[in-house]
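1. What follows is a protein structure lacking sequence information:
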Ligand SMILES: O=C(O)CCC(=O)C(=O)O
């Protein structure tokens with residue numbers, strides 16, 4: 001399976017609708033890939049809290065519409081990053097959309113661990129409550145968003161649900177880039193899974209983004225890593241690698257707690 005991660009620059013000065021159209025074209029260009037991955041809240045910006053209310057959208061809102069067309073045109077599975085979802089009761093969620101090559105909404109994931117302690121997303125958004133996996137032809141995706149990366153038990157839950165490739169969409173600040181790289185590699189090693197970690201670039205709401213999206217294999221080797229600007233990373237995922245790694249070094253079988 002060929003996967004492309006699009007590290008998107010979010011800078012003030014580009015409107016949300018222009019960015020949607022621009023990113024849709026970038027998705028269309030990845031028509032040689034099987035899976036395309038976008039970052040967290042790339043429409044509005046992960047730290048643009050004051051725009052969350054105005055840019056909130058239902059699951060079948062403008063981001064879904066534009067991305068469904070792009071997924072269909074490219075013929076790819078599309079992890080369309082996350083949007084500010086306005087639920088039926090008016091509350092907001094940081095919600096990932098996964099679209100099939102036919103443009104259908106195949107899965108959603110509402111971010112479980114909201115970032116900000118007593119501010120920002122942590123007070124503006126509601127928390128998701130359930131794990132999401134998505135079965136693709138050669139890999140089962142386990143879905144996580146940004147701050148979730150700090151909670152290994154979420155990833156163990158995804159392993160138990162059958163995940164072989166963890167997709168982490170993020171808007172991770174440059175200040176903590178070392179944590180981003182370290183934790184993505186740690187999740188790959190401890191869960192013996194691919195990790196596809198796709199972040200934002202640029203600076204919005206005064207927060208410089210780390211960029212440095214990366215793909216890690218189940219042995220912890222970094223297969224590809226972006227720099228700090230907008231960039232597309234393309235990698236081949238070996239369908240046998242996760243099973244081989246888990247068979248050759250069966251540490252997951254030795255778990256004694258939390259099962
Ligand atoms: O955990 C971190 O350092 C960053 C998390 C974050 O920025 C987020 O979840 O939006």
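-> Received the coordinates, thanks. What you see is a predicted model, and the numbers here were worked out from it, not measured in a lab.
2. Quick one: name the residues of the chain near the ligand.
-> Counting by Cβ under 6 Å from any ligand atom, the chain comes close to the ligand at 46, 115, 146, 147, 150, 171, 172, 173, 176, 179. From N, CA and C alone the C-beta is placed, and that goes for glycine too.
3. ok, the second one - contacts?
-> With contact taken as Cβ atoms under 8 Å, 6 or more residues apart in numbering, residue 115 is in contact with 121, 122, 146, 147.
4. quick check, nearest of the residues of the chain next to the ligand to residue 227?
-> residue 172 (14.3 Å; Cβ to Cβ).
5. Among the contacts of residue 115, give me the pair with the biggest separation.
-> Maximum distance among those (Cβ to Cβ): 12.2 Å, for 122 and 146.
6. between these two, which one's more packed in?
-> Between residue 122 and residue 146, counting by other Cβ atoms under 10 Å, residue 146 is the more crowded of the two (27 against 14).
7. how much space between the more buried one and residue 169?
-> In this view, residue 146 and residue 169 are 7 Å apart by Cβ to Cβ, to the nearest Å.
8. Between those two, which contacts overlap?
-> Shared contacts of residue 146 and residue 169, counting by Cβ under 8 Å, 6+ apart, come down to residue 40.
9. How many residues are close by the residue nearest to residue 76 when sequence neighbours are not counted?
-> Distances taken as Cβ to Cβ, 6 or more residues apart in numbering place residue 36 nearest to residue 76, at 4.9 Å, with adjacent residues excluded. For residue 36, the count of nearby residues is 29 (other Cβ under 10 Å).
10. so what's residue 36 up against?
-> 3, 4, 5, 6, 27, 30, 71, 74, 76, 77, 78, 79.
11. at 7 Å what do you get?
-> Residues near residue 36 by Cβ atoms under 7 Å, 6 or more residues apart in numbering: 4, 6, 27, 30, 74, 76, 78.
12. now, among those, which is nearest to the ligand?
-> Closest approach between the contacts of residue 36 and the ligand, by Cβ to the nearest ligand atom: residue 6, at 18.2 Å.
13. and the closest one, how far is that from residue 244?
-> Remark: distance between residue 6 and residue 244 (Cβ to Cβ) = 29 Å.
14. More neighbours: which of these two?
-> residue 6 (23 against 13).
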